[in-house]
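1. Sequence and predicted structure below; questions after.
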Amino acid sequence: MEIKIPYSQKEINQACKEIVLVQKVKNGYVRPLVWRGSEMMAISAQKNTIHVAIATWEWGSYFDPELKLKGIKLNISSWRRPNPNSVPWDTKSSGLYMICTLSKHEAESKGFADSLMLDHEDNIAESTGANIFFKNDNNEIHTPVPDSFLDGITRRCVIDIAKLKGIKIIERKIKPDEMSSFSGCFLTGTAAEVTPVSQIDKYKFNVCNVIKDLSKSYQALVQKKTAA
């Protein structure tokens, strides 16, 4: 799905920086929003004006900091990531967040911090708002192929960090029952950053030194870029 924004990426980046300064945000979240106007109110929207807004606010840890130290717990959602032929899965849109919200509410009502979502073929996909990684006893890291969910910026950044540390990254299809062979698990995302996972359904994981080190290295990189 392509929306032609009436501003360049450079202009939007500059606007984000100015808003952060005006709001005096030190540790927060920046969210650009793009939507179509109301000139055409049916399915067709070719002549609608494109509007842009940028919101920013102070925001601490996405998950409870104490829970993050111990590793958060996830259930397995009853909802699935859609077939990639049915939606523009590589684009952030409000419609795709609906099943994430339903999954998150379902998880929290059962005492979990978040929910693991499977894809349309019952492979492991992601959590409701973050990508997922698993570590085995050989210190290899396995992560699902992003072919029905967003290949997050933080996901790509952590993969680069891991490779620099000599950690082998394996991107592949992962079935839920394979979780019994992994010793560690963590989530990555703009808000989640690097969040250890201690349990998914009946499967339990350790918050190991490899995950702690990746989290520390990611934080150092973010703080370095922020200072720059």
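-> Alright, I've got the coordinates.
2. Quick one: name whatever helix or strand follows the helix or strand of the chain with the lowest mean pLDDT.
-> Ranked by mean pLDDT, DSSP states H and E, the weakest helix or strand in the chain is helix 65-70, scoring a mean of 80. Later in the chain than helix 65-70, the nearest helix or strand by DSSP states H and E is strand 72-80.
3. mind listing what residue 142 touches?
-> Shown in contact with residue 142 (Cβ atoms under 8 Å, 6 or more residues apart in numbering): 133, 134, 135, 136, 170, 171, 172, 174, 182. C-betas here are computed from N, CA, C, even on glycine.
4. With respect to residue 114, which of those is nearest?
-> Closest approach to residue 114 among those (Cβ to Cβ): residue 133, at 14.4 Å.
5. quick check, the closest one in a strand?
-> Yes: the assignment for residue 133, made by DSSP: H, G, I helix; E, B strand; the rest coil, places it in a strand.
6. Excluding chain neighbours, what is closest to the residue nearest in space to the middle of the chain?
-> By Cα atoms, centre = their mean, the chain has its centre lying nearest to residue 130, at 2.4 Å. Nearest residue to residue 130, sequence neighbours excluded (Cβ to Cβ, 6 or more residues apart in numbering): residue 189, at 3.4 Å.
7. What about that neighbour, how many residues nearby?
-> Applying other Cβ atoms under 10 Å, we find 22 residues neighbouring residue 189.
8. What of residue 144?
-> Residue 144: 23 neighbours (other Cβ under 10 Å).
9. can you give me phi and psi for it?
-> Backbone geometry at residue 144, expressed as degrees, to the nearest 10, gives phi -60, psi 150.
10. How about it: which residues does it bridge to?
-> Counting by DSSP bridges, residue 144 is bridged to residue 172.
11. Please report the distance of it from residue 122.
-> As judged by Cβ to Cβ, to the nearest Å, residue 144 and residue 122 stand 12 Å apart.
12. same thing with residue 22?
-> Residue 22 is 47 Å from residue 122, where distance means Cβ to Cβ.
13. just residue 92 next, same as before
-> Using Cβ to Cβ, residue 92 is found at 24 Å from residue 122.
14. Then residue 10?
-> Going from residue 10 to residue 122 by Cβ to Cβ gives 42 Å.
15. just to revisit the earlier point, looking at the residue nearest to the centre of the chain now. What's its pLDDT?
-> Here, the pLDDT recorded for residue 130 equals 95.
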